[in-house]
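> Kindly return the folded structure for what I paste below:
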Amino acid sequence: MKKKYIPVGQYAFEGKNLDGPSDEFLEKTAPLIGYIVHRFNTLEDLLNAAICEWINEHSDSLGLIVIHKMNYAGKVDLLKRLVSDVQNAIGKKMPSFERLIEELSAAGRLRNAVVHAEWESAYDDGFTPCKVLMKEHGLEHEYMQFSPNDLEEVLSLIDDTSEHFDLYDEERQELFV
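Purely as a prediction, here's the structure:
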């Protein structure tokens, strides 16, 4: 995703598209945003199941208690620590596990950017305010470009990461052979 930064003026709305995006832009992007939310929820469910399996193979209840009210990034970190501990203990590695963690983290960052973007201030080129950052020279609006193609790439990353769990499951089984 392309990014650009615009200094915050005296008021936070300065520099934003106060007219909002065109109906054409919204018609193209809104369904993709919805799919991102739906598919990301499926990905998070796969992550939850993986954590529960590491905590107790015979019941999910203990794992569900552990991850209750835990945010997504915390769950990714927990899975990484659980798997790393087992890999170190038995002296074997899951070859694609680090890539899965990277994909899970990237999917979470992009999903958050999409969900928390200020869509009513988006420009028709897709640049949308996502957050305000404190930089050494002052406050800046961070804009990310979310064209329909960009949103399809986010959706593709989420789908690919979900599919990566198939390889993860195979490698998990091999770990104990």
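> only C-alpha atoms for contact and neighbour calcs from this point on.
Noted.
> how deep is the closest residue to residue 7 other than its chain neighbours tucked in, by neighbour count?
In this structure, residue 7 finds its nearest non-sequential neighbour in residue 140, 4.2 Å apart by C-alpha to C-alpha, 6 or more residues apart in numbering. Using other C-alpha atoms under 10 Å, residue 140 has 18 neighbouring residues.
> And for the one 10 residues further on?
Burial measure for residue 150: 17 neighbouring residues, criterion other C-alpha under 10 Å.
> Next, the contact list for it, please.
residue 1 (C-alpha atoms under 8 Å, 6 or more residues apart in numbering).
> And it, how far from residue 106?
Applying C-alpha to C-alpha, to the nearest Å, the value for residue 150 to residue 106 is 14 Å.
> again with residue 58
31 Å.
> more crowded one of these two?
residue 106 (16 against 10).
> Report pLDDT for that one.
Residue 106 carries a pLDDT value of 98.
> Now do the same for the residue nearest the centre of the chain: helix, strand or coil?
Centroid check for the chain by C-alpha atoms, centre = their mean gives residue 108 as the closest residue, at 1.4 Å. Under DSSP: H, G, I helix; E, B strand; the rest coil, residue 108 falls in the helix class.
> do the same with residue 141
Taking three-state DSSP, the label given to residue 141 is strand.
> ok, it - contacts?
5-8, 129-133.
> Give me the subset of the residues you listed lying in strands.
In strands, defined here by DSSP state E, the members of the contacts of residue 141 are 5-7, 129-133.
> On the strand side of things, show who residue 142 bridges to.
Counting by DSSP bridges, residue 142 is bridged to residue 5, residue 131.
> does it really touch residue 131, like I thought?
Yes: Residue 142 lies in contact with residue 131 (C-alpha atoms under 8 Å); the separation is 5.4 Å.
> So these two - more neighbours on which side?
Between residue 142 and residue 131, counted using other C-alpha under 10 Å, residue 142 has the larger neighbour count: 19 against 15.
> can you tell me how far the more buried one sits from residue 58?
Residue 142 is 46 Å from residue 58, by C-alpha to C-alpha.
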